[in-house]
Each structure stands twice: as structure tokens, then as C-alpha cells.
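**Student:** Provided below are the primary sequence and the corresponding predicted coordinates.
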Amino acid sequence: MSLERPIEEEKSAAVSYLLWCSCFFGVCGIHRFYNGRPISGTIWLLTLGLLFIGQIIDLFLIPGHVREQNLERRIARRERGLR
């Protein structure tokens, strides 16, 4: 029996944009939870995406959020491998 951890998949910008679209159904900020930003995700949920202004800004920020989250996950994976 192997005790190895399963390989974590990288985050996807397409999935993040699909979650961003949930704001059309009144649930804003889910894409921020997906990208590892729970505090701002909670703020987006409670304020309707900062009155939708934050949602519009996030259209341009999502690719950077995904890249940053994937980089952090790669670094964490590499550090675990060194120990």
C-alpha cells in the first residue's frame, strides 16, 4: 500500500471564468475561492462582487490569479519533495 499523495492538478483559467459567470445567478466570488483567495471571495459574496465593479475588474485579473496559484502549488510540491 502506497502512502503517496495524489498529484494535484493545476488550476484552469477556463474553469475560473466559468465560476466567474456564476455572478449572473447572484453568487459572486466563487472564482476567488477556486483560486485560493478565501478572504476576498467572502467579501465578493457579501457585496455582490463589490457591486459588480470588482467582477468586471476580475475579468482582467483572473489569468494572473490562476498563474500565481499554480506557481504557489508547484513551489509547495517541490518543497514537499525535498523533505
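**Tutor:** Sure, I can see it.

**Student:** Can you list the low-confidence ranges for the chain?
**Tutor:** 1-8, 83 (pLDDT under 70).

**Student:** Report the central residue of it.
**Tutor:** The centre of the chain sits closest to Asn35, judged by C-alpha atoms, centre = their mean, with a distance of 1.1 Å.

**Student:** tell me the contacts of it?
**Tutor:** Lys11, Ser16, Ile62, His65, Val66, Glu68, Gln69 (C-beta atoms under 8 Å, 6 or more residues apart in numbering). Heads up, the C-betas are built off the backbone N, CA and C, glycines and all.

**Student:** Now the residue nearest to the third one when sequence neighbours are not counted: phi and psi?
**Tutor:** Using C-beta to C-beta, 6 or more residues apart in numbering and skipping the chain neighbours, the partner closest in space to Ile62 is Ser16 (5.0 Å). The main-chain torsion angles of Ser16 are listed as degrees, to the nearest 10 and equal phi -60, psi -40.
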